[in-house]
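Asks: sequence and predicted structure below; questions after.
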Amino acid sequence: MNNKISVLNENGEEIEAEVLLYFSLDKTDKNYILYTFGEVDDNRMETIHASELTKTEDGYKLDMMPDDDWEAVKEVMREIIRNEQE
């Protein structure tokens, strides 16, 4: 698995991001990706971005997800954190 992707920002510039996790959810029948640009917030926590991952003719496209999907993705993230703390 490639752990780097290029993401277009709002200005159309390509920015390299580190892929943290690819996964699919049976509940939504969609694929998702968690990634980071290495940004750190005021609490010194790394910012994690999540997108729906859609296959295209040219590869893959990152899409914003509906709120219902976001809730399911956040639960996956919480489960990962709980498992790492055990």
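Replies: Right, received. Where do you want to start? Residues are numbered from 1 along each chain as shown.
Asks: what strands line up against the host helix or strand of Ala17, and which way round?
Replies: Assigned by DSSP states H and E, Ala17 belongs to strand 14-25. Sheet pairing of strand 14-25 (DSSP bridges) gives strand 4-8 (antiparallel), strand 30-36 (antiparallel).
Asks: touching that strand from outside, list them.
Replies: 1-9, 30-38, 48-49, 53, 69, 72-73, 76, 80 (Cβ atoms under 8 Å, 6 or more residues apart in numbering). The C-beta positions use only the backbone N, C-alpha and C, and glycine is treated the same way.
Asks: for that strand, the distance to its chain's centre please.
Replies: Computed by Cα atoms, centre = their mean, to the nearest Å, the chain-centroid distance of strand 14-25 equals 5 Å.
Asks: go through that strand and flag the buried ones.
Replies: 17, 20 (16 or more other Cβ atoms under 10 Å).
Asks: about what we covered before: just the buried ones among the contacts of strand 14-25, please.
Replies: Here, 16+ other Cβ under 10 Å leaves 5, 30, 32-35, 53, 69, 73 buried among the contacts of strand 14-25.
Asks: list the contacts of the spatially most central residue of the chain.
Replies: Nearest to the geometric centre of the chain sits Leu34, at 2.1 Å (Cα atoms, centre = their mean). For Leu34, the contact set (Cβ under 8 Å, 6+ apart) comprises 19-21, 23, 48-50, 73, 77.
Asks: what is the nearest of these to Glu13?
Replies: His49 (15.6 Å; Cβ to Cβ).
Asks: how about the closest one, what does it touch?
Replies: Contacts of His49 (Cβ under 8 Å, 6+ apart): 17, 34-37.
Asks: most widely separated two among those residues?
Replies: Leu34 and Phe37 (12.1 Å).
Asks: circling back to that earlier point, of the contacts of His49, which is the nearest to Tyr60?
Replies: Tyr35 (11.9 Å).
Asks: surely that closest one touches Ser6?
Replies: No. With contacts counted by Cβ atoms under 8 Å, Tyr35 stays clear of Ser6, the gap being 10.7 Å.
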